[in-house]
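Student: Sequence plus the predicted model coming up.
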Amino acid sequence: MHSVPVPRTGGWAFLLGCLVAIVVSPLILSPLVLAAFTLLLVVSALDDLRHVAIHFRFSAHLVAVALLLFALPEQLNWWFYPVFIVAGAWAINLYNFMDGMDGLAGSMTLVGFSSLGVICALNGDAELAWFCALVAVCASVFLVFNWPSAKIFLGDAGSTGIGLAVVAVSLFGWQREAFELWMPLVIFAPFWLDATYTLLKRMVAGQRWWEAHREHFYQRYAIRVGVKKALILQLGAMIFFSSVALAVAVFERI
């Protein structure tokens, strides 16, 4: 999507900012949660610096999600585990796939986590609301440098780390009854609908779906009308889907 190289290490600063805030806060993370993020970030950072084979990356994604599931406060029915492991690994990858246009992944992170944070606050989960606010603030700072014309991108470390954060907040928020499981699905619909449709299309066509390409809807639209107009359309979709979830959350509190 770019005619000149753009640095992909913005995610390192993003995650470092989150880490510093968590360390100085009273928030206590489970060792399994820390292990999940550490494993993912090590593999992803290596992939930012030098290529890591797809089977190693995907294995790390599966293990990271499995660690999150074992860290949940309540045990799940056995059939949830394979479903959530595959779905979680896909969420990690789709966030990476969608970090390909100026302002896109940062905007989804800002809108998505802001919405989840408000819903958590409405339902009395201050800890999760604080974490969502932290990610949203870091996303807003990142957007200063990622807005068109972008000077930096998240890279694998940042995009996969945020993808795992989406999975973590969705699962913990659901179990802690901060929101229903469908809410993060609706909020992040602009990402997973585009990524899933494109993946299935490429798989059916026999293409190497894991490789970089320009076949996502947001990419094709940006090539046709320009990055800024495509980003405005995506922002409109993000705000619409988030508004639906927020409206339901507010209605349920009335």
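Tutor: Yep, it's here.

Student: Point out where the stretch 151-254 of the chain drops to low pLDDT.
Tutor: 210 (pLDDT under 70).

Student: quick one: the helices in it?
Tutor: 155-175, 182-187, 189-204, 217-225, 227-253 (DSSP state H, counting those that start in this stretch).

Student: which one of those helices lies closest to Ala45?
Tutor: helix 155-175 (4.5 Å; C-beta to C-beta). Yep, even glycine has a C-beta here, placed from its N, CA and C like the rest.

Student: Please, where are all the helices along the stretch 1-150 of the chain?
Tutor: 10-24, 31-49, 54-71, 80-97, 104-122, 126-146.

Student: Report the rounded mean pLDDT for the first one.
Tutor: The one in question is helix 10-24. Average pLDDT, helix 10-24: 87.

Student: what sits up against it?
Tutor: 29, 41, 45, 48, 134-135, 138-139, 141-142, 145-146, 152-159, 161-162 (C-beta atoms under 8 Å, 6 or more residues apart in numbering).

Student: now stretch 245-254
Tutor: Ser115, Val118, Ile119, Leu122, Asn123, Phe179, Met183, Val186, Ile187.

Student: can I assume the last one is in contact with Ser243?
Tutor: No: using C-beta atoms under 8 Å, Ile187 and Ser243 do not qualify as a contacting pair, with a distance of 9.6 Å.

Student: what's the closest non-adjacent residue to the spatially most central residue of the chain?
Tutor: Nearest to the geometric centre of the chain sits Gly163, at 2.9 Å (C-alpha atoms, centre = their mean). Computed as C-beta to C-beta, 6 or more residues apart in numbering, the closest residue to Gly163 that is not its neighbour in sequence is Tyr95, at 3.3 Å.

Student: My read is that that neighbour contacts Ala157, right?
Tutor: No: counting by C-beta under 8 Å, Tyr95 does not reach Ala157; the two are 11.6 Å apart.

Student: ok so, going back, generate a PyMOL selection restricted to the buried subset of the contacts of helix 10-24.
Tutor: Command for PyMOL that selects the buried part of the contacts of helix 10-24, burial taken from 16 or more other C-beta atoms under 10 Å:
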select buried, resi 41+45+48+134+135+138+139+142+146+152+153+154+155+156+157+158+159+161+162
